[in-house]
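> Got a sequence here, can you build the structure:
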Amino acid sequence: MVKMLTEGNPKVAIIGPSKSESVAMAGQIAPVFHTVHVNQADNLLNPLRIKMMKHYGWSRVATLAYQDEYNVPQFNVRIIMGAFHADTALPVFCEAYKQGMYGPSYVWILSGTTLHPGWIEATEDCTLEQMQTALYGHFALHNLDVGYSNETTILGKSAAEEMASLRVLDSSTPYVQSRYTPYVVDTAWALALGLNNSLKYLDEKGLSLSRYKYSEDFNQAIVNGIKETSFVGVSELHHGPIKKANDPHVIQKITPDRSGKEIRQYKNIKC
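Next comes the predicted model:
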């Protein structure tokens, strides 16, 4: 990333990456160059987490996030919210199994947006059956990736129509869509509209995007411009860079066993 930022013309902004570990690194590098870093944040699920706490009357929960090393401490709580990817979740739940942190006395709430289908498998230290036991009955929280309404987006189509158009374009390329595609589309629009909005702030300082360079003045003008954006996007999260309070989510209660997994899904939950 440093090489990309230092070679060639100055980079106005960075979009992504999607993995939390890489995001953390990008978030540390971008400010050094006074360049804008735009990314889809997992904390957009926080309103749903809070709503669950209020609904069940939980006053105390623990949060567990992956950094450089994983650990499952014996919290003095029974409700644990985890924010990590599947490759990290596996050793975490293996350790949870060993410490007996599972069953009806514990509630595990995961970020389903970071877990791929079929991610539950055996590890070096735990069998598949042990992993399924530890994960039995956990909750997975999701954002609805694509807008479910027929509202016209900034692209002049409904979200479903736009995604169908993109699939047609993809069919002539070696690339395929992922669940991040709606977010990428909307993030690009948020940045483009933000750059347009930034022109007035740049003009106040006698600056122009055509003469862009790494500086705090350019950075602040672009950030201010992005904060002003508001639009109906393809994803339900990007009506603007700041999530609307009533964006819908999905809660899944997952009970995996030897025969697969039973999923109880609750859609379109407003927060």
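> what helices or strands is whichever strand or helix holds Met81 leaning on?
Using DSSP states H and E, Met81 falls within strand 79-83. The helices and strands touching strand 79-83, judged by 3 or more C-beta pairs under 8 Å, 6 or more residues apart in numbering; DSSP states H and E, are strand 62-65, strand 107-111. C-beta coordinates here come from the backbone N, C-alpha and C atoms, glycine included.
> Please name the strands paired to that strand in the sheet, noting orientation.
Using DSSP bridges, strand 79-83 pairs in its sheet with strand 62-65 (parallel), strand 107-111 (parallel).
> Need the residues that contact the longest one.
Which is strand 107-111. For strand 107-111, contacts defined as C-beta atoms under 8 Å, 6 or more residues apart in numbering pick out 42, 45, 49, 52, 78-84, 89, 93, 96, 102, 135, 138-141.
> looking at the helices and strands packed on strand 79-83, which is buried most?
The highest mean neighbour count among these, using mean count of other C-beta atoms under 10 Å, belongs to strand 107-111: a mean of 22.
> Please put the alpha-carbon coordinates of whichever helix in the chain runs longest into CSV.
Looking across the chain with DSSP state H, the single longest helix is helix 181-204. The C-alpha coordinates for helix 181-204 follow below in CSV (Å, rounded to 0.1, in the frame of the first residue of the first chain):
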residue,chain,number,x,y,z
THR,A,181,-20.5,-5.9,-4.7
PRO,A,182,-23.4,-3.7,-3.6
TYR,A,183,-21.2,-2.0,-1.0
VAL,A,184,-18.4,-1.5,-3.5
VAL,A,185,-20.9,0.2,-5.9
ASP,A,186,-22.3,2.5,-3.3
THR,A,187,-18.9,3.3,-1.8
ALA,A,188,-17.7,4.4,-5.2
TRP,A,189,-20.8,6.6,-5.5
ALA,A,190,-20.3,8.0,-2.0
LEU,A,191,-16.7,9.0,-2.9
ALA,A,192,-17.7,10.5,-6.3
LEU,A,193,-20.5,12.6,-4.8
GLY,A,194,-18.2,13.5,-1.9
LEU,A,195,-15.5,14.8,-4.3
ASN,A,196,-18.2,16.9,-6.1
ASN,A,197,-19.2,18.3,-2.7
SER,A,198,-15.6,19.0,-1.8
LEU,A,199,-15.1,21.5,-4.6
LYS,A,200,-16.6,24.4,-2.7
TYR,A,201,-14.3,23.7,0.3
LEU,A,202,-11.3,23.5,-2.0
ASP,A,203,-12.2,26.7,-3.7
GLU,A,204,-12.3,28.5,-0.4
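> model confidence over that helix, on average?
Mean per-residue pLDDT for helix 181-204: 91.
> Check stretch 129-143 too.
87.
> chain center to that stretch: distance?
Relative to the chain's own centre, stretch 129-143 is displaced by 19 Å; criterion: C-alpha atoms, centre = their mean, to the nearest Å.
> before we move on, back to that, of the contacts of strand 107-111, buried ones?
42, 45, 49, 52, 79-84, 89, 93, 96, 102, 135, 138-141 (16 or more other C-beta atoms under 10 Å).
> Go ahead and confirm Leu191 touches Val38.
Yes - with contact defined as C-beta atoms under 8 Å, Leu191 reaches Val38; the gap is 5.5 Å.
> Those two: which is more packed in?
Leu191 (21 against 18; other C-beta atoms under 10 Å).
> what sits against the more buried one?
13, 15, 36, 38, 226.
> Quick check: the gap between the second one and Asn143.
So the one you mean is Ile15. Separation of Ile15 from Asn143 (C-beta to C-beta, to the nearest Å) stands at 18 Å.
> Also the third one?
Val36 sits 23 Å away from Asn143, going by C-beta to C-beta.
> Least confident of the strands paired with strand 79-83, on average?
Looking at the strands paired with strand 79-83, the weakest mean confidence is strand 62-65, a mean of 81.
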